[in-house]
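Asker: All I have is the shape, not the residue letters:
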């Protein structure tokens with residue numbers, strides 16, 4: 001890395017010279033040649049620069065950047081209310097607790113097998129764990145999961161998605177579960193505001209947001225982070241749908257160390273690959289950070 005930092009001025013000088021002498025066409029050809037010689041996939045590289053396909057740890061995906069650097073600009077209370085929807089085994093909730101020890105966290109995980117691990121990770125005073133799904137209505141639904149693959153704790157309410165995307169094979173079982181709406185849950189549990197709502201539910205993110213229409217219309221949810229990926233394609237959900245339901249929010253794509261503003265909807269941003277998006281209620285959003 002030290003060598004690369006030392007060589008960067010040299011690269012910059014060469015590129016500037018090529019642009020001056022032969023125009024941008026030369027620099028473009030040089031980039032293509034270097035990529036081919038180095039075996040670099042330029043499309044993947046471009047995606048990563050845009051905050052797409054940066055999975056792995058919370059740090060690498062930028063999710064920790066949001067918690068550590070963005071939330072402090074908006075969380076003004078000593079006991080903020082955080083909702084972890086699609087909590088899995090509790091990793092994200094643990095990160096929230098690390099940065100905000102006095103926060104009140106409501107975690108949701110409908111997969112019974114995974115919920116047991118989530119519940120075992122916390123006591124009731126730390127995180128309110130709910131074996132429950134969130135969606136656009138109070139109703140019964142079905143989760144699809146693999147029976148014979150203990151390595152996979154992934155599940156989906158869309159059978160087509162789990163068989164085509166998750167890379168596993170074998171017998172699939174149906175697990176019934178109940179969903180409620182955020183509006184109903186917050187009324188029942190007397191939750192007056194949500195400072196930060198994180199949603200990772202394998203393509204069902206839009207449904208969760210639609211179930212919070214009253215909270216959103218009253219300005220009770222400040223920030224919403226949601227995942228957007230291939231699962232949305234199988235659920236017939238596009239990015240424009242989020243822009244339509246979050247009209248009072250500015251939307252940013254999350255990177256490891258910054259937010260990239262999506263200032264207005266563009267079909268160019270309809271990329272069905274792993275990414276996290278952050279919706280910030282417009283009263284205090286900025287164009288860039």
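Answerer: In hand now; what should we look at? All values reported here derive from a predicted model rather than from experimental measurement.
Asker: From what I see, residue 196 and residue 225 are in contact.
Answerer: Yes: using Cβ atoms under 8 Å, residue 196 is in contact with residue 225, at 7.3 Å. For the C-beta atoms, the positions are set from N, CA and C on the backbone; glycine is no exception.
Asker: what packs against the lengthiest helix in the chain?
Answerer: For the chain, the longest helix by residue count, based on DSSP state H, is helix 2-22. Here helix 2-22 touches helix 24-38, going by 3 or more Cβ pairs under 8 Å, 6 or more residues apart in numbering; DSSP states H and E.
Asker: The helix it packs on: what's the following helix or strand?
Answerer: Note on helix 24-38: by DSSP states H and E, the next helix or strand toward the C-terminus is helix 42-49.
Asker: Not counting that next one itself, show me its contacts.
Answerer: By Cβ atoms under 8 Å, 6 or more residues apart in numbering, the surrounding residues in contact with helix 42-49 are 31-32, 35, 53-54, 271, 273.
Asker: hmm, which of the residues you listed are the buried ones?
Answerer: Neighbour-count burial (16 or more other Cβ atoms under 10 Å) is assigned, among those, to 53-54.
Asker: Of all pairs in the contacts of helix 42-49, which one is the farthest apart?
Answerer: Farthest-apart pair in those is 32 and 54; separation 23.4 Å (Cβ to Cβ).
Asker: Which stretches in the protein count as helices?
Answerer: 2-22, 24-38, 42-49, 58-61, 63-65, 71-74, 91-99, 112-121, 159-165, 182-188, 205-210, 213-217, 230-234, 239-245.
Asker: Single out the most deeply packed of these.
Answerer: helix 205-210 (a mean of 24; mean count of other Cβ atoms under 10 Å).
Asker: For it, give the mean pLDDT please.
Answerer: Per-residue pLDDT over helix 205-210 has a mean of 98.
Asker: I'd like to know which elements it is packed against.
Answerer: Against helix 205-210 (3+ Cβ pairs under 8 Å, 6+ apart) you get strand 194-199, strand 221-228, helix 239-245.
Asker: Include distance to residue 170 and mean pLDDT when you put those into CSV, please.
Answerer: Shown next, in CSV, are the helices and strands packed on helix 205-210 (distance: least, Cβ to Cβ, whole Å; pLDDT from 0 to 100):
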stretch, distance to residue 170, mean pLDDT
strand 194-199, 28, 98
strand 221-228, 25, 98
helix 239-245, 32, 98
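Asker: Among these, which comes closest to residue 259?
Answerer: Closest among the helices and strands packed on helix 205-210, using Cβ to Cβ: strand 221-228, at 10.6 Å.
Asker: So which bits of the closest one are buried?
Answerer: 221-228.
Asker: Identify the farthest-apart pair in the residues you listed.
Answerer: So, these by Cβ to Cβ: farthest apart are 222 and 228, at 19.9 Å.
Asker: returning to that earlier point: let me have the helices of the chain in a markdown table, extended by distance to residue 264.
Answerer: Output for the helices of the chain, formatted as a markdown table (distance: least, Cβ to Cβ, whole Å):
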| stretch | distance to residue 264 |
| --- | --- |
| helix 2-22 | 30 |
| helix 24-38 | 26 |
| helix 42-49 | 20 |
| helix 58-61 | 24 |
| helix 63-65 | 23 |
| helix 71-74 | 22 |
| helix 91-99 | 29 |
| helix 112-121 | 37 |
| helix 159-165 | 29 |
| helix 182-188 | 26 |
| helix 205-210 | 19 |
| helix 213-217 | 19 |
| helix 230-234 | 20 |
| helix 239-245 | 8 |
